[in-house]
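Visitor: Generate coordinates for the sequence data below:
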Amino acid sequence: MPDFVLHKRGFNSENKLVIEFKNGKNMTQIDKYKLEALTVNKEGYGYVLGMFIKFGKQRDNVKISIFKNGREESEY
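Guide: Residues are numbered from 1 along each chain as shown. Here you go, the predicted model:
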């Protein structure tokens with residue numbers, strides 16, 4: 001189960017955002033697979049946007065990976 005979801009219960013067409021958070025840990029293959037699967041329309045969930053957010057020890061050390069259409073699009 002993801003750490004955060006934004007959706008309208010009972011309506012897959014209203015699945016907007018899914019987020020995984022980690023504190024100091026890198027994205028695992030399981031995290032990546034989960035976000036890819038949740039953002040694919042064919043799988044039934046079809047979240048518009050998926051995010052993996054990693055918080056570092058310093059406040060300004062944050063990495064964000066964006067997932068759309070079942071694949072990782074970009075990293076910030």
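Visitor: Could you give the number of residues near residue 47?
Guide: 25 (other CB atoms under 10 Å). C-beta coordinates here come from the backbone N, C-alpha and C atoms, glycine included.
Visitor: confidence score at it?
Guide: The per-residue pLDDT reported for residue 47 equals 95.
Visitor: Over to residue 61?
Guide: 91.
Visitor: ok, now how distant is the closest residue in space to it that isn't next to it in sequence from residue 33?
Guide: Spatially, and ignoring its direct neighbours in sequence, residue 61 is nearest to residue 55 (7.5 Å; CB to CB, 6 or more residues apart in numbering). Relative to residue 33, residue 55 is positioned 21 Å away (CB to CB, to the nearest Å).
Visitor: Those two - which one has more neighbours?
Guide: residue 55 (14 against 10).
Visitor: what's near enough to touch the more buried one?
Guide: Taking CB atoms under 8 Å, 6 or more residues apart in numbering, we find residue 55 in contact with 21-24, 61-62.
Visitor: Considering the residues you listed, which is situated nearest to residue 44?
Guide: The nearest member of the contacts of residue 55 to residue 44, counting by CB to CB, is residue 21 at 23.9 Å.
Visitor: part of a strand, is that closest one?
Guide: Yes: according to DSSP: H, G, I helix; E, B strand; the rest coil, residue 21 belongs to a strand.
Visitor: Per-residue pLDDT of the residue nearest to it when sequence neighbours are not counted, please?
Guide: Nearest residue to residue 21 in three dimensions, chain neighbours excluded: residue 3, at 4.7 Å (CB to CB, 6+ apart). Listed pLDDT for residue 3 reads 95.
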